[in-house]
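In: any chance you can model this:
(one chain, ligands or ions: 2)
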Amino acid sequence: MGTVYAIANQKGGVGKTTTAVNVAACIAEAGFSTLLIDIDPQANATLGLGIAKDTEPNVYDVLSGRCTLEEALADTAIDNLRVVPAHPDLAAANTELPREPGSETRLREALAGTRGEFDYILLDCPPSLGPLTVNALVAADRVIVPVQTEYFALEGLAGLLDTLALIQRELNPRLTIAGMLLTMHDGRTRLARDVEREVRAHFPALVFDTVIPRNVRVGEAPSYGRPVTHHDPHCVGADAYFEFAKEVVRAGART
Ligand code: ADP
Ligand code: MG
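Out: Numbers count the residues shown, from 1 in each chain. Ligands and ions are numbered 1, 2, ... in the order given. From the prediction side, this is the model:
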């Protein structure tokens, strides 16, 4: 039965999608059967894997009950990696889901029949704690929280942890925090080094060892519709994501 990881942080632009796409690609490349579900209406993960954002059926159809998750699976150019694409219309789910009692468990129910086919399932969340992210957190076993090493890094993290605790208590007792991942780190700046120190001091034992550096190749890979690990497998960004994927797999095996 596959382990489900939600990649979540209500802040935008912290590296959620980049992490979801690249970790999925690294894990798939290591031979694990991997599924990435894009639940952000911006569909950046979908596009970043070279898939059109008007693909039908997609995750909106799954969450609305128009098709099964199995029917919405799409192949990617990467062996062992399949995706359930997002669609801009998915934004409507933010108003539709709350009108339907019990809709927090839609994704979990949709996954029930498919989990067994995959070793790893990654959920790329939108930048909010709205109904789509709640659906992801209810379906997930573990959460990875990307944190950009910038001045406001700690801002909002306490609120996110409160939300995770609430979901754990009320809706998904299995949920655990895999850890926080420091992203877009510029080791030449004192600010980035200070932020790293501060986040590690604030959340001891909760921050992954691997740090993802700011790297031009990581930023440009999505415009080619591929993960950086395929765009330029030997750049420092790709190296860091390979290291991080290993850390995730190792940590998962321990628990
Ligand atoms: P989120 O999904 O949290 O909104 P993204 O993963 O889309 O964040 O990242 C925001 C922007 O930063 C994107 O343009 C992405 O390509 C870029 N980016 C992410 N990580 C890096 C990195 N390590 N180095 C350079 N650019 C990055
Ligand atoms: Mg994103």
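In: and whichever residue of the stretch 1-150 of the chain sits closest to ligand 2, what element?
Out: Taking Cβ to the ion as the measure, the point where the stretch 1-150 of the chain comes nearest ligand 2 is Thr17, at 3.3 Å. C-beta here means a position set from N, CA and C on the backbone, and glycine is covered the same way. Using DSSP states H and E, Thr17 sits in helix 16-29.
In: what average pLDDT does that helix get?
Out: For helix 16-29, the per-residue pLDDT values average out at 98.
In: relative to helix 16-29, how tilted is the helix or strand following it?
Out: Going down the chain from helix 16-29, the next helix or strand is strand 34-38, by DSSP H and E. Interaxial angle, strand 34-38 versus helix 16-29 (axes from the mean of the first three to the mean of the last three Cα atoms, to 10 degrees): 160 degrees.
In: can you tell if strand 34-38 touches ligand 1?
Out: No: if you take Cβ under 6 Å from any ligand atom as the test, strand 34-38 misses ligand 1, and the best it gets is 10.4 Å.
In: that strand pairs with which strands?
Out: Strand 34-38 pairs in its sheet with strand 81-84 (parallel), strand 120-124 (parallel), by DSSP bridges.
In: which strands and helices sit next to the next helix or strand after the longest one?
Out: Past strand 120-124, heading to the C-terminal end, the next element that is a helix or strand (DSSP H and E) is helix 131-139. Other elements packing on helix 131-139 under the criterion 3 or more Cβ pairs under 8 Å, 6 or more residues apart in numbering; DSSP states H and E are strand 3-7, helix 93-96, helix 106-112, helix 157-170.
In: any bit of the strand ranked longest in the chain sitting next to ligand 2?
Out: Looking across the chain with DSSP state E, the single longest strand is strand 176-185. No: Strand 176-185 stays clear of ligand 2 (Cβ under 5 Å from the ion), getting no nearer than 11.8 Å.
In: now do that strand: everything it contacts.
Out: For strand 176-185, the surrounding residues in contact (Cβ atoms under 8 Å, 6 or more residues apart in numbering) are 5, 14-15, 18-19, 141-150, 157, 161, 164, 192, 195-196, 199, 203, 206-208, 210-214, 244, 248, 251-252, 255.
In: so which residues on the stretch 51-200 of the chain come close to ligand 1?
Out: Taking Cβ under 6 Å from any ligand atom as the measure of proximity, the stretch 51-200 of the chain contacts ligand 1 at Pro127, Thr183, Met184.
In: mind checking pLDDT for the last one?
Out: Yep, that's Met184 we're talking about. Note on Met184: pLDDT of 97.
In: give me the number of residues near the residue nearest to it when sequence neighbours are not counted?
Out: What sits nearest to Met184 in space, not counting adjacent residues and going by Cβ to Cβ, 6 or more residues apart in numbering, is Arg214, at 4.6 Å. By the criterion of other Cβ atoms under 10 Å, Arg214 has 19 neighbours.
In: list the contacts for Arg214?
Out: Met184, His185, Asp186.
In: how about the secondary structure of the residue of the stretch 151-255 of the chain found nearest ligand 2?
Out: Using Cβ to the ion, Pro222 is the residue of the stretch 151-255 of the chain that sits closest to ligand 2, at 10.1 Å. Using DSSP: H, G, I helix; E, B strand; the rest coil, the secondary structure recorded for Pro222 is helix.
In: relative to Asp75, how far out is the residue nearest to it when sequence neighbours are not counted?
Out: Using Cβ to Cβ, 6+ apart and skipping the chain neighbours, the partner closest in space to Pro222 is Gly48 (4.0 Å). Here Gly48 is placed at a distance of 15 Å from Asp75 (Cβ to Cβ, to the nearest Å).
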